[in-house]
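Student: Show me the folded form of this:
(one chain, ligands or ions: 1)
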Amino acid sequence: MEKYNVAIVGVTGAVGEQMLAILEQRKFPVDRIHALASARSAGKKVRYGDQEIAVQDLADFDFSDTQIGLFSPGAGISKVFAPKAVGQGCVVVDNTSQFRYDEDVPLVVPEVNAHQVARYTARGIVANPNCSTIQMVVALKPIHDAVGITRVNVATYQAVSGTGKDAIDELDQQTRKVISGKPVTCDVYPKQIAFNALPHIDVFLDNGYTKEEMKMVWETQKIMEDDSILVNPTTVRIPVVNGHSEAIHLELKEPLSASQAKELLAGAPGIRVVDSHQDGGYPTAVTEGDGTDAVYVGRIREDISHPRGLNMWVVSDNLRKGAALNSVQIAENLVREYI
Ligand code: 3JN
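Tutor: Residues are numbered from 1 along each chain as shown. Model (predicted):
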């Protein structure tokens, strides 16, 4: 089997760490791994299987002998270094918002629109969507194919790992302080995250939505290849370490019963249905999502207030399926079909 030199850009971040782990877990055909990050992290060690790899400074790295770059360094860094890597002959899978909305860059969730990977040739880049969008579109796809979705109302319950390691530390520190009756300090989030819920993810935009919310609108339409799907999101940060949850309320073109929806979802790629009408008969971030690969769907029920409405609860590991796993699946598709 052919093997590839793979660079991970942003390797010391929460997503970069998962990219390394998942390449190893899925036995991606790696020849050499290059662990890249900012000058500040250069010289640190990361683990790849039983190897210890030294982190190199991205600014000095030459991509000419690297076939695949998995990027998760932040949009500003990708803006500069993804085109540089492509210019040196590397194909980039980019997990930032930098290129997602460019018409000539495919935005891919393999269970939904794997055929779009073929369009990587235009810019040498395949974009990885936002975590909240990925788990939602995996669950929407079989329903949209069967009966058509006209509108999606969604509220997210997002884990702090989506912000990064500093946010995991902030939740940890604040939780200890609250429990011991001490005052908390807020550095990462504008208000206390421990024992709280913040209806604010990413920056506020002129229309009153946050950018995280608008990412869900723009990306859902692009990935589903249907600009007629209306998406009305509210994105909320909650004090969960890892694993995003979403309450999704769909308006459909044709009616679909809960049992029909359950059957469609159970047969769709990447989905595990956990839905029994009893205590604990639903997925949660901690018990199902964290550390696993599937998109879990539960609480599937007809909307009692709408003749063509369907409700569900969708849970997934935001660092894995929401980011690193999806990027590795795109890379697997690239090497299987194109490179
Ligand atoms: O907050 C989350 O749960 C997900 C965060 C994603 C994120 C955070 C900072 C910058 C992104 C993203 O992937 O959209 C970006 C960005 O690339 O814009």
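Student: and the residue in the chain positioned nearest to the ligand, what is it in contact with?
Tutor: Relative to the ligand, the nearest point of the chain is Gly162 (1.9 Å; Cβ to the nearest ligand atom). For every residue, glycine as well, the C-beta is placed using N, CA and C. Neighbouring residues of Gly162 by Cβ atoms under 8 Å, 6 or more residues apart in numbering: 131, 201, 237, 244, 318-319, 322.
Student: any chance of those in a markdown table, plus pLDDT?
Tutor: Converted to a markdown table, these look like this (pLDDT from 0 to 100):
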| residue | pLDDT |
| --- | --- |
| Cys131 | 98 |
| Ile201 | 98 |
| Arg237 | 99 |
| His244 | 99 |
| Asn318 | 98 |
| Leu319 | 98 |
| Gly322 | 98 |
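Student: out of those, which touch the ligand?
Tutor: 131, 201, 318 (Cβ under 6 Å from any ligand atom).
Student: Name the residues of the stretch 201-339 of the chain found near the ligand, please.
Tutor: So the stretch 201-339 of the chain meets the ligand at 201, 215, 318 (Cβ under 6 Å from any ligand atom).
Student: Which of these fall in strands?
Tutor: Using DSSP state E, no member of those falls within strands.
Student: Ranking by neighbours, what's the top pick from those?
Tutor: Neighbour count (other Cβ atoms under 10 Å) singles out Asn318 as the most crowded of these, with 31 neighbours.
Student: ok, now how distant is that residue from Ser161?
Tutor: 6 Å (Cβ to Cβ, to the nearest Å).
Student: shared neighbours of those two, which are they?
Tutor: Asn242.
Student: And the strands in this structure, which stretches?
Tutor: 4-9, 30-37, 45-48, 51-54, 56-57, 68-71, 91-94, 125-127, 149-157, 230-234, 244-252, 271-273, 295-302, 309-316.
Student: For the stretch 101-250 of the chain, just list every one of the helices.
Tutor: 110-113, 131-147, 165-179, 211-223 (DSSP state H, counting those that start in this stretch).
Student: So what touches the last one?
Tutor: Helix 211-223 is touched from outside by 97, 100-101, 107-109, 112-113, 129-130, 132-133, 136-137, 140, 152, 154, 156, 158, 201-205, 207, 209, 227, 229, 231, 233-235, with contacts defined as Cβ under 8 Å, 6+ apart.
Student: From the residues you listed, list just the buried residues.
Tutor: Neighbour-count burial (16 or more other Cβ atoms under 10 Å) applied to the contacts of helix 211-223 gives 97, 100, 107-109, 112-113, 129-130, 132-133, 136-137, 140, 152, 154, 156, 158, 201-202, 209, 229, 231, 233-235.
Student: Contact partners for the nearest residue to Asp94 once chain neighbours are set aside?
Tutor: In space, and not counting its chain neighbours, Asp94 is closest to Phe71: 4.5 Å by Cβ to Cβ, 6 or more residues apart in numbering. Taking Cβ under 8 Å, 6+ apart, we find Phe71 in contact with 9-10, 77-78, 81-82, 85, 92-96.
Student: can you rerun that using 6 Å?
Tutor: 9, 78, 82, 92, 94 (Cβ atoms under 6 Å, 6 or more residues apart in numbering).
Student: Out of those residues, who's the most crowded?
Tutor: Busiest of the contacts of Phe71 [other Cβ under 10 Å] is Val9, holding 30 neighbours.
Student: what bridges to it?
Tutor: Val9 has these beta-bridge partners by DSSP bridges: Leu36, Phe71.
Student: Look up how far Pro110 lies from it.
Tutor: Val9 is 21 Å from Pro110, by Cβ to Cβ.
Student: what's the answer for Asp94, then?
Tutor: For Asp94, the distance to Pro110 - Cβ to Cβ - is 15 Å.
Student: before we move on, what about Asn130?
Tutor: Asn130 is 16 Å from Pro110, by Cβ to Cβ.
Student: Write out the residues of the stretch 51-200 of the chain neighbouring the ligand.
Tutor: 75, 96-97, 130-131, 158, 162-163.
Student: And those, which two are furthest apart?
Tutor: Ala75 and Gln158 (18.3 Å; Cβ to Cβ).
Student: Let me know the outermost residue of the chain.
Tutor: Gly181 (35.5 Å; Cα atoms, centre = their mean).
Student: So for stretch 169-181, what gets flagged as buried?
Tutor: 170-171, 174.
Student: ok, Val273 touching Arg299?
Tutor: No: Val273 is beyond contact range of Arg299, at 10.5 Å (criterion: Cβ atoms under 6 Å).
Student: what sits against the residue farthest from the centre of the chain?
Tutor: So Gly181 contacts nothing (Cβ under 6 Å, 6+ apart).
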